[in-house]
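Trainee: kindly generate the corresponding structure for this input.
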Amino acid sequence: MSKLDTTPGSEMHSRSRARAAEGQDSADGAVGDGRTILLIDDEPAQSRLISAIAARDGWRTLVAGDAEAALSIIGSREGLKLSAILLDQWVPGDDTCALIAEFKERRPSLPVLMLTTSASPTLAVEAMRAGASDYLVKPVAPEALMEALRAVTTREAPRDELAPLSEKMSADLDFDAMIGKVPTFRTALAQAAKAARGHGHVLIEGESGTGKEMLIRAMQAASPRAREPMRVVAVGSTPANAIESALFGHEPGAFAGAFDRQVGALQQCDGGTVVLDDVDRLPTETQARLLESLESGVVRPLGAKHGFRIDVRLLCSATAPLAELARGNLFDAELAERLSATRIVMPPLRERAEDVRALTRHFLTRIGEQPGLRHLSISDAALALLAAYDWPGNVRQLQSVLFRAAVYCDGETLTAESFPQLSELLGELEAVEQSISHEGAGVTLYGPDGHLRPLEEIEADVIRLAIGHYRGRMTEVARRLGIGRSTLYRKLSDLGIDNAA
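Mentor: Numbering: from 1, shown residues only. Alright, predicted model coming up:
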């Protein structure tokens, strides 16, 4: 059976944690705030590993080796303290869904997460229909496991339908697969397409779920370094004491526990690309070391007496704007400037309301192609409902909500009733439909006061939309707008539009 991904730090197995993994309390009783999970797993080594990972986040673990033992625990006084169930699909095998259904019948409010070695959505769909809250494909990184547990145990009623569901569908690696016609979004794509052809560092900023990771994948696929080594370093989910080793590598004996030599991402990807996800969470001391490596072109592993010359491109994503962090002395200003050779901002979905309909149809098409699901249509009222919501989780949340609605849909069409929590949050659909009736075709024609916007502003948006749509090819932009290139450049100057952006 596949094991969990043992990233740095996951091998911390103390004796007290091992005892907890075998159903015994640790020496000091319940850990943290008393949160308890029931792990159903018949492999002791994996049980100990999961228990150790969970203990670091304040969880106490009870372990059952089979379905009978699990049902016995659920029905006991100890079982009343459970916050979640983690079920290894290997244990019940073909009876997994029946076991999940029985858990939900006995304890309807208790979330169930399934661990599986299968990447096929078919089993996931069946498990969710049986009552599973989510599923995780092994090997699972420790942070991914804990994020999933946090997600299913910290939902706020009545918004649990809107809680993010882990994105399970494979992502396309093409700029054309990124759906949207709002000028700010098209401008971001145009910047990315242009930058992809170069070798400079790129910083993509935006809220969580806006598509930063997908844009980075599209840029890498279109990059002249596409065939060279690439490695992703998830800064936000890598322990602070392990991030320097992940980036720079280390020699044996460099620090306690460094028994083997590790080649860091910067050295490993010489000639290629390193993706720094959540670079805004990079520890201060690591920022200084990274800046030194970028300035000198040399990376020195921890504990090494010599360095290695490197040629690496960095593609970075950040939730918090680096410039603002630098002004507050929370990020190295020189490093922020160097990483921002090209800076792209992904707009939140609440600023792309007119894109929600196209995104919805796109996602429903992709969802319908997944094994175990089918193609569904969607009513105008449901589309109006989706377009009116502000989507704090952005595009990723929209996809998750549609996926969940499709799993539970018994008919051929998603309706407003398929999204009951949205209806509750937004109220009457008539008001919703009224609020989106003044949308233009890619350009907003009306202001918040209900009156037409000034012609100069509309013209500027049309030109930005054209620049984004035709990827900055100004001859094509001028031809499609029906004006000469000189006229186009004059308008760009008069309207204050940067054609490179």
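
Trainee: every contact and neighbour count from this point should use C-alpha atoms.
Mentor: Will do.

Trainee: ok, Gly468 - contacts?
Mentor: 183, 185-190 (CA atoms under 8 Å, 6 or more residues apart in numbering).

Trainee: in helices only, show me those.
Mentor: If you go by DSSP state H, the contacts of Gly468 have 183, 185-190 in helices.

Trainee: of all those, which comes closest to Glu78?
Mentor: Nearest to Glu78 among the ones in helices among the contacts of Gly468: Phe185, at 51.7 Å, using CA to CA.

Trainee: just checking, that closest one touches Met346?
Mentor: Yes. Counting by CA atoms under 8 Å, Met346 is a contact partner of Phe185 at 6.6 Å.

Trainee: neighbour count: those two, which is higher?
Mentor: Phe185 (26 against 22; other CA atoms under 10 Å).

Trainee: okay, now Glu417: neighbour count?
Mentor: Neighbours around Glu417, by other CA under 10 Å: 12.

Trainee: phi, psi of the residue most central in space within the chain?
Mentor: Among the residues of the chain, Gly209 comes closest to the average C-alpha position under CA atoms, centre = their mean, at 5.7 Å. Main-chain dihedrals, Gly209, degrees, to the nearest 10: phi 90, psi 0.

Trainee: distance check, it against Ser296.
Mentor: Here Gly209 is placed at a distance of 35 Å from Ser296 (CA to CA, to the nearest Å).

Trainee: can you check Ala234 too?
Mentor: 24 Å.

Trainee: which of these two has more residues huddled nearby?
Mentor: Ala234 (18 against 11).

Trainee: now the more buried one: closest residue in space, sequence neighbours ignored.
Mentor: Asp277 (4.9 Å; CA to CA, 6 or more residues apart in numbering).

Trainee: close enough to count as contact, that neighbour and Val232?
Mentor: Yes. Under the criterion of CA under 8 Å, Asp277 makes contact with Val232 at 7.2 Å.

Trainee: who's more crowded, these two?
Mentor: Asp277 (23 against 16).

Trainee: what sits against that one?
Mentor: Counting by CA under 8 Å, 6+ apart, Asp277 has contacts 232-236, 316-318.

Trainee: now do Leu481
Mentor: Ala466.

Trainee: separation between it and Pro142?
Mentor: 52 Å.

Trainee: same thing with Asp280?
Mentor: 21 Å.

Trainee: same check on Ala218?
Mentor: 27 Å.

Trainee: now swap in Ile40 and tell me
Mentor: 17 Å.

Trainee: so which of those two has more stuff around it?
Mentor: Ile40 (25 against 22).

Trainee: okay, and the beta partners of that one?
Mentor: Ile40 forms beta bridges with Ala64, Leu87, as assigned by DSSP bridges.

Trainee: ok, it - contacts?
Mentor: Here Ile40 is in contact with 63-67, 70, 85-88, 91 (criterion: CA under 8 Å, 6+ apart).

Trainee: before we move on, what about Val137?
Mentor: 115-119 are the contacts of Val137 under CA under 8 Å, 6+ apart.

Trainee: just the buried ones from those residues?
Mentor: The neighbour count (16 or more other CA atoms under 10 Å) marks 115-117 as buried among the contacts of Val137.

Trainee: just the ones of these in strands?
Mentor: 115-116 (DSSP state E).

Trainee: distance to Leu302 added to the buried ones among the contacts of Val137, as TSV?
Mentor: Shown next, in TSV, are the buried ones among the contacts of Val137 (distance: CA to CA, whole Å):
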residue	distance to Leu302
Leu115	36
Thr116	37
Thr117	36
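
Trainee: just give me the closest of the buried ones among the contacts of Val137 to Thr273.
Mentor: Using CA to CA, the buried ones among the contacts of Val137 come closest to Thr273 at Thr117, 29.6 Å.

Trainee: what backbone torsions are found at the closest one?
Mentor: Per-residue torsions, Thr117: phi -90, psi -10 (degrees, to the nearest 10).

Trainee: report pLDDT for it.
Mentor: On pLDDT, Thr117 comes in at 79.

Trainee: and what of Pro224?
Mentor: pLDDT, read off for Pro224, is 94.

Trainee: what is the burial count for it?
Mentor: 14.

Trainee: please name the nearest non-neighbouring residue to it.
Mentor: Nearest one to Pro224, counting by CA to CA, 6+ apart, is Arg197 at 6.3 Å.

Trainee: and the one you found, what is it in contact with?
Mentor: 222-224.

Trainee: quick one: which of those is nearest Asp270?
Mentor: Nearest to Asp270 among the contacts of Arg197 is Pro224, at 13.9 Å by CA to CA.

Trainee: got the phi and psi for the residue nearest to Pro224?
Mentor: Torsion angles, degrees, to the nearest 10, at Arg197: phi -80, psi -10.

Trainee: what's the helix or strand encompassing Ala127 in contact with?
Mentor: Assigned by DSSP states H and E, Ala127 belongs to helix 121-130. Outside helix 121-130, the residues that touch it by CA under 8 Å, 6+ apart are 96-98, 100-101, 114, 134-135, 168, 370-373, 407-408.

Trainee: hmm, try it at 10 Å
Mentor: 89, 96-104, 112-116, 118, 131-137, 168-169, 367, 370-373, 403-404, 406-408 (CA atoms under 10 Å, 6 or more residues apart in numbering).

Trainee: centre of the chain versus it, how much separation?
Mentor: What separates the centre of helix 121-130 from the centre of its chain is 21 Å, taken as CA atoms, centre = their mean, to the nearest Å.

Trainee: one more: stretch 356-369?
Mentor: Distance of stretch 356-369 from the chain centroid (CA atoms, centre = their mean) equals 18 Å.

Trainee: what do you get for stretch 277-291?
Mentor: The answer for stretch 277-291 is 20 Å, by CA atoms, centre = their mean.

Trainee: for that stretch, output the C-alpha coordinates as PDB.
Mentor: The C-alpha coordinates for stretch 277-291 follow below in PDB (Å, rounded to 0.1, in the frame of the first residue of the first chain):
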ATOM      1  CA  ASP A 277       4.500  29.300  -4.300                       C
ATOM      2  CA  ASP A 278       3.500  31.800  -1.500                       C
ATOM      3  CA  VAL A 279       6.800  33.600  -1.800                       C
ATOM      4  CA  ASP A 280       5.300  36.300   0.500                       C
ATOM      5  CA  ARG A 281       5.600  33.800   3.400                       C
ATOM      6  CA  LEU A 282       9.400  33.300   2.900                       C
ATOM      7  CA  PRO A 283      11.200  33.600   6.200                       C
ATOM      8  CA  THR A 284      13.300  36.800   6.700                       C
ATOM      9  CA  GLU A 285      16.600  35.000   6.900                       C
ATOM     10  CA  THR A 286      15.800  33.000   3.800                       C
ATOM     11  CA  GLN A 287      15.000  36.200   1.900                       C
ATOM     12  CA  ALA A 288      18.500  37.600   2.500                       C
ATOM     13  CA  ARG A 289      20.100  34.300   1.500                       C
ATOM     14  CA  LEU A 290      18.000  34.100  -1.700                       C
ATOM     15  CA  LEU A 291      18.800  37.700  -2.600                       C
END
